[in-house]
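K.L.:
Just the structure for this:
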Amino acid sequence: MKIILIGANGQLGTDLVSALAQHDVVNAIQPGTDSARLAQVLELDISNNTAVRAAITQHKPDVIINTAAFHRVDDIERDASVALQVNAFAAQQLALACHDADIALLHISTDYVFDGKKQTPYVETDLPNPISAYGATKLAGELLVRSAWHKHYIIRPCGLYGTAGAMGKGGNFVNIMLKLARGDKPVKVIADQVCTPTYTKDLAEQIALLITTGQYGVYHTTSDGACTWFEFAREIFRLAGLSPQVIPITSEEYGAPARRPAYSVLENRALRNLGIDRLRDWHEALAEYVSIVEPGSHATV
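P.N.:
Model prediction:
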């Protein structure tokens, strides 16, 4: 299969490069960003519709995987203009280009399309209702992709972490917690938001399987289980053999400009209905990740 992978040098993109190794992959990155780890690199600005269409004409892919996003959640709350361009308008133009070339599009969305008021896991048919500007831009992208072209896979993950870190965020949550644990101050972590941490390696392998099915639609793609961010942090420290003072705080005490869903657990119902849900329990996935980033920790579930 010929694939254009947009955002190949990002946190998820890096693991997708490995998961898609058996395919013919063109690694597309934002111009001016680091490509040291990649072969066959294509510099591509997703907001440049002319360049996107030229890349499709040149490489003739069977599917495009779009991991590009502007996800600085609190910055977007103050000014959503860039996020709308990247997360919504560019996604629409990409879908229209895929329509014209008759190729599939896999687009990454987010759990933030939901308001978090539900107390049981969200399924794909639940009505989105974002409570942040970021969530609104991602939902707009979903809707524009869906309206532009029926050959789409829309992926909703949650709480991503991976070995490449999170570009533009100063590291993913696990790496930040490990760094803070080695400081001389107590670690304060939000305890009233429930999520499902998801290892990007697992997500990438799930995506690699999904694109072979031709079963288009919306898919929740998270690890199994749920925890608060506070519980997540404690498990990180346990696996790494660290014992910092960890203090639970509320979302209000944290005081972020953008509201986050209080309950952000997703059920992979569509994947299970296809019989292809391969995502592990979050404890197991985290133990593997910590054993890689903390090789002396002997992390076990």
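
K.L.:
helix or strand right after the lowest-mean-pLDDT helix or strand in the chain?
P.N.:
For the chain, counting by mean pLDDT, DSSP states H and E, strand 41-43 ranks last in confidence among helices and strands (a mean of 91). Using DSSP states H and E, the helix or strand that follows strand 41-43 towards the C-terminus is helix 49-59.

K.L.:
ok, residues contacting that next one?
P.N.:
Around helix 49-59, the neighbours that count as contacts under Cβ atoms under 8 Å, 6 or more residues apart in numbering are 2, 4, 26, 28, 42, 44-46, 64, 90, 93-94, 97-98, 100-101, 103. The C-beta positions use only the backbone N, C-alpha and C, and glycine is treated the same way.

K.L.:
Quick check: mean pLDDT of whichever helix or strand comes after it?
P.N.:
Per DSSP H and E, the first helix or strand lying C-terminal to helix 49-59 is strand 63-66. Mean pLDDT, strand 63-66: 98.

K.L.:
So what are the sheet partners of strand 63-66 and their directions?
P.N.:
Here strand 63-66 has these sheet partners by DSSP bridges: strand 2-6 (parallel), strand 104-108 (parallel).

K.L.:
Do a quick rundown of the strands in this protein.
P.N.:
With DSSP state E, the ranges of strands along the chain come out as 2-6, 24-29, 41-43, 63-66, 104-108, 152-156, 160-161, 187-190, 194-195, 198-199, 217-220, 227-228, 246-249.

K.L.:
which residues in the stretch 151-300 of the chain form helices?
P.N.:
173-181, 200-210, 229-240, 251-254, 269-274, 282-293 (DSSP state H, counting those that start in this stretch).

K.L.:
who does the last one touch, helix- and strand-wise?
P.N.:
Using 3 or more Cβ pairs under 8 Å, 6 or more residues apart in numbering; DSSP states H and E, the elements in contact with helix 282-293 are helix 173-181, strand 198-199, helix 200-210, helix 229-240.

K.L.:
Pull the residues that contact that helix.
P.N.:
Residues contacting helix 282-293 (Cβ under 8 Å, 6+ apart): 161-163, 174-175, 178, 196-199, 201-202, 223-227, 232, 235-236, 239-240, 279, 297-301.

K.L.:
what about burial for those, which qualify?
P.N.:
For the contacts of helix 282-293, a neighbour count by 16 or more other Cβ atoms under 10 Å gives the buried set as 161-163, 174-175, 178, 196-199, 201-202, 223-224, 226-227, 232, 235-236, 239-240, 279, 297, 299.

K.L.:
Out of the strands of the chain, which is closest to residue 263?
P.N.:
Closest approach to residue 263 among the strands of the chain is made by strand 194-195 (5.0 Å; Cβ to Cβ).

K.L.:
Which of the helices and strands packed on helix 282-293 sits closest to residue 134?
P.N.:
Residue 134 lies closest, by Cβ to Cβ, to one member of these: helix 173-181, at 16.3 Å.

K.L.:
most remote residue from this protein's center?
P.N.:
Most distant from the centre of the chain: residue 184, at 31.3 Å, with distances by Cα atoms, centre = their mean.

K.L.:
now that residue: how far from residue 230?
P.N.:
Here the distance between residue 184 and residue 230 works out to 20 Å (Cβ to Cβ, to the nearest Å).

K.L.:
Same question for residue 275.
P.N.:
In terms of Cβ to Cβ, residue 275 sits 35 Å off from residue 230.

K.L.:
likewise residue 110?
P.N.:
Taking Cβ to Cβ, one finds residue 110 at 21 Å from residue 230.

K.L.:
any idea how far residue 92 is from the nearest residue to residue 163 once chain neighbours are set aside?
P.N.:
Among residues not flanking residue 163 along the chain, residue 292 sits closest, at 6.3 Å (Cβ to Cβ, 6 or more residues apart in numbering). Distance of residue 292 to residue 92, computed by Cβ to Cβ: 37 Å.

K.L.:
Looking at the two, which has the bigger crowd around it?
P.N.:
Of the pair residue 292 and residue 92, residue 92 is the one with more neighbours under other Cβ atoms under 10 Å, namely 19 against 11.

K.L.:
Touching, that one and residue 148? I think so.
P.N.:
Yes - using Cβ atoms under 8 Å, residue 92 is in contact with residue 148, at 5.6 Å.
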